[in-house]
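Novice: can you look at this prediction? I've put the sequence above it.
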Amino acid sequence: MLITTMNDVPGHRITQVHGEVFGLTVRSRNVGSQLGAAFKSLAGGELKGMTKNLEASREEAIDRLTRAAEAHGANAVVAMRFDTTEMGDTWSEVCAYGTACSVEPA
């Protein structure tokens with residue numbers, strides 16, 4: 001599956017637009033990660049547990065986006081974006097979305 005943040009694919013032409021697709025995941029942070037983040041925020045620096053959680057969430061959202069595009073018969077997703085929302089104190093939603101298309105070399 002070709003996924004791009006651009007609105008077109010250089011060297012290819014879009015032969016069919018299948019519509020908007022998205023991959024969504026909602027994750028909670030574990031208590032240990034939250035306590036570590038609270039202490040780390042006092043001194044500053046990267047919150048490694050939170051970074052790992054966000055990376056895993058984005059990978060899962062992309063995987064679900066890919067499966068949704070394949071289900072529509074697409075071989076590419078153009079104009080892909082991420083959206084992230086905090087839900088409550090401990091939940092994060094990550095959504096990957098874009099336009100599912102069929103492309104072929106020009």
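Specialist: Happy to help now that I have it.

Novice: for this structure, which residues score under the pLDDT cut-off?
Specialist: 29-43 (pLDDT under 70).

Novice: residues near Ile3, how many?
Specialist: 14 (other C-beta atoms under 10 Å). In this view, the C-beta of every residue, glycine as well, is placed from N, C-alpha and C.

Novice: list phi and psi for Arg27.
Specialist: Torsion angles at Arg27 (phi, psi; degrees, to the nearest 10) stand at phi -130, psi 150.

Novice: that one reaches Met87, doesn't it?
Specialist: No - if you go by C-beta atoms under 8 Å, Arg27 and Met87 don't touch, sitting 9.7 Å apart.

Novice: those two: which is more packed in?
Specialist: When neighbours are counted by other C-beta under 10 Å, Arg27 and Met87 differ, and Arg27 comes out ahead with 16 against 11.

Novice: ok, the more buried one to Gln16 distance?
Specialist: Using C-beta to C-beta, to the nearest Å, Arg27 is found at 34 Å from Gln16.

Novice: where exactly do the helices run in the protein?
Specialist: According to DSSP state H, the chain carries its helices in the segments 31-43, 48-71.

Novice: most centrally placed residue in the chain?
Specialist: A centroid search over the chain (C-alpha atoms, centre = their mean) returns Ala96, at 3.5 Å, as the residue closest to the centre.

Novice: that one and Ile62 touch, don't they?
Specialist: Yes - with contact defined as C-beta under 8 Å, Ala96 counts as touching Ile62 (5.2 Å).

Novice: any residues in contact with both of those two?
Specialist: Taking C-beta atoms under 8 Å, 6 or more residues apart in numbering as the contact rule, Ala96 and Ile62 both touch Gly23.

Novice: list the contacts for Met80?
Specialist: For Met80, the contacting residues are 3-5, 65, 96-98, by C-beta under 8 Å, 6+ apart.

Novice: will you turn the residues you listed into JSON lines that also has distance to Thr51?
Specialist: Formatted as JSON lines, these follow (distance: C-beta to C-beta, whole Å):
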{"residue": "Ile3", "distance to Thr51": "22"}
{"residue": "Thr4", "distance to Thr51": "24"}
{"residue": "Thr5", "distance to Thr51": "21"}
{"residue": "Leu65", "distance to Thr51": "21"}
{"residue": "Ala96", "distance to Thr51": "18"}
{"residue": "Tyr97", "distance to Thr51": "22"}
{"residue": "Gly98", "distance to Thr51": "24"}
